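[1] here is my input; please provide its structure:
(4 chains)
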There are 2 protein chains.
Amino acid sequence: MADIDLSIGQVARRTGLSVHTLRLYERKGLFASEVRRDSAGRRVYSAWDVEWVANCVKFRASGMPLATISRLAQLVREGTGNEAQRLDLLREHQRHITEQLARLNDCLELVNGKVSSYERHLADGASGDPWQQQPQPAATTGQ
Amino acid sequence: MADIDLSIGQVARRTGLSVHTLRLYERKGLFASEVRRDSAGRRVYSAWDVEWVANCVKFRASGMPLATISRLAQLVREGTGNEAQRLDLLREHQRHITEQLARLNDCLELVNGKVSSYERHLADGASGDPWQQQPQPAATTGQ
DNA sequence: CTAGGCGCTAGACCGAGGTCTAGGTCAACG
DNA sequence: CGTTGACCTAGACCTCGGTCTAGCGCCTAG
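    Residues are numbered from 1 along each chain as shown, chains lettered A, B, ... in the order given. As a prediction, this is how the structure comes out:
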């Protein structure tokens, strides 16, 4: 809301990205609106830019590649008229996240299982399922 | 359960990894038990190996780096006695996954929001929150 | 005036995780 | 017998996403 313009360093601090990364993102076209410059050529970020970057951070965190963010940024840059395409892109990412969640939950289940079987194993002497080397017949017989 | 030994190609097909990747994993020490060879020097995977690889795939899918899997494999390779360390490692990964889930859910929320605001936007004429370029004062004024 | 701090560009570098190539062995098939 | 196909090793190569460096410009404070 407030109309504070920020320097690259400030944006870095409040997005958690490095200034290097911010410049990289710009080079790669991740910005939806061209970053303004002051008279000395230094970048000047609007609150809107910062919000956008914050979104980018979340997109990245959910596995969206820079190239895809760049496409989205381009659509936004081109202005109104391509909302359907933006929606497509977002929906696909939505799906992507959902899949990730499913996979992660699956993995978590595995890990939970292993953890609790090791807990059991450590509690009483030895037992349960923990990975124990199988007998291992030491075969060197051609199949 | 069944004691079928598999070739690298077969393992590749049923784990979804490439044969290259399987060999890479072996070089990097991801295997908990040394992979046997037949008389001609070809890799022979036991059912146990395959199960292990399948676990590795899940670990990878949940963001565990190869190096960490390798450490775990080493612990298992060293045999019984270090269960506590294995448990630590697994618990940390558990935590890691949980964090990822939280972050992902957060991102999903953002994306959901954007998606539905674009849906609204497309349904009725124009409205809602979709990223619209702000007025953008075109300032080139030194701060 | 000089030093310190922040900014700039261009481009090198890095680590992770794969992927692919060259050049070779082996076995089965027709 | 020659061909085909799966496998082997060693090592080059690639992409992605950052990170860092060199060499410079500006501005402000002491």
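[2] need the longest helix for chain A.
    helix A:83-123 (DSSP state H).
[3] show me where pLDDT drops low in chain A?
    Residue ranges of chain A with pLDDT under 70: A:1-3, A:126-128, A:133-143.
[4] same thing but at 50, please
    A:1, A:138-143 (pLDDT under 50).
[5] just give me the neighbour total for the residue lying closest to A:V35 once chain neighbours are set aside.
    Spatially, and ignoring its direct neighbours in sequence, A:V35 is nearest to A:R43 (5.0 Å; Cβ to Cβ, 6 or more residues apart in numbering or on different chains). C-beta: built from backbone N, CA, C; applies to glycine. By other Cβ atoms under 10 Å in any protein chain shown, the residues close to A:R43 number 19.
[6] again, but for the one 5 residues further on
    A count of nearby residues for A:W48, using other Cβ under 10 Å, gives 17.
[7] work out for me the element it sits within.
    Per DSSP states H and E, A:W48 falls inside helix A:47-61.
[8] stretch A:5-23 vs DNA strand C: in contact?
    Yes. For stretch A:5-23 and DNA strand C, the contact criterion (Cβ under 7 Å from any atom of the strand) is met by A:S7, A:I8, A:G9, A:Q10, A:V19, A:H20, A:R23.
[9] and the residues you listed, which are buried?
    A:I8 (16 or more other Cβ atoms under 10 Å in any protein chain shown).
[10] now the residues of stretch A:5-23 next to DNA strand C in a markdown table, with secondary structure and distance to B:L72?
    Compiled in a markdown table, those are given as follows (DSSP: H, G, I helix; E, B strand; the rest coil; distance: Cβ to Cβ, whole Å):
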| residue | secondary structure | distance to B:L72 |
| --- | --- | --- |
| A:S7 | coil | 45 |
| A:I8 | helix | 41 |
| A:G9 | helix | 40 |
| A:Q10 | helix | 42 |
| A:V19 | helix | 37 |
| A:H20 | helix | 33 |
| A:R23 | helix | 38 |
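[11] the residues of stretch A:5-23 next to DNA strand C also near chain B: which ones?
    Among the residues of stretch A:5-23 next to DNA strand C, the residues lying close to chain B (Cβ under 8 Å from any Cβ of the partner chain) are A:S7.
[12] which parts of chain A sit against DNA strand D?
    So chain A meets DNA strand D at A:L17, A:S18, A:H20, A:T21, A:R23, A:L24, A:S39, A:A40, A:R60, A:P65, A:L66, A:A67 (Cβ under 7 Å from any atom of the strand).
[13] which one (most neighbours) among those?
    Most crowded among the residues of chain A next to DNA strand D, counting by other Cβ under 10 Å, is A:L17 at 20 neighbours.
[14] burial count for A:S70?
    Number of residues near A:S70 (other Cβ under 10 Å) recorded here: 18.
[15] ok, A:D129 - contacts?
    Residues near A:D129 by Cβ atoms under 8 Å, 6 or more residues apart in numbering or on different chains: A:G113, A:K114, A:S117.
[16] residue contacts, the nearest residue to the second one once chain neighbours are set aside?
    Read that as A:K114. Leaving aside its sequence neighbours, A:K114 sits nearest to B:L90 (Cβ to Cβ, 6+ apart; 5.3 Å). Taking Cβ under 8 Å, 6+ apart, we find B:L90 in contact with A:V111, A:K114, A:V115, A:Y118, B:L72.
[17] mind redoing it with 6 Å?
    Listed by Cβ atoms under 6 Å, 6 or more residues apart in numbering or on different chains, the contact partners of B:L90 are A:V111, A:K114, A:V115.
[18] could you redo the residues of stretch A:5-23 next to DNA strand C as CSV and give each row distance to B:G125?
    Formatted as CSV, those follow (distance: Cβ to Cβ, whole Å):
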residue, distance to B:G125
A:S7, 38
A:I8, 38
A:G9, 41
A:Q10, 38
A:V19, 41
A:H20, 42
A:R23, 38
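[19] nearest to B:R86 among the residues of stretch A:5-23 next to DNA strand C?
    For the residues of stretch A:5-23 next to DNA strand C, the minimum distance to B:R86 (Cβ to Cβ) is 37.9 Å, reached by A:H20.
[20] now the angle from the strand or helix carrying A:L22 to helix A:47-61?
    Element membership for A:L22 (DSSP H and E) is helix A:19-27. Put simply, helix A:19-27 runs at 100 degrees to helix A:47-61, going by axes from the mean of the first three to the mean of the last three Cα atoms, to 10 degrees.
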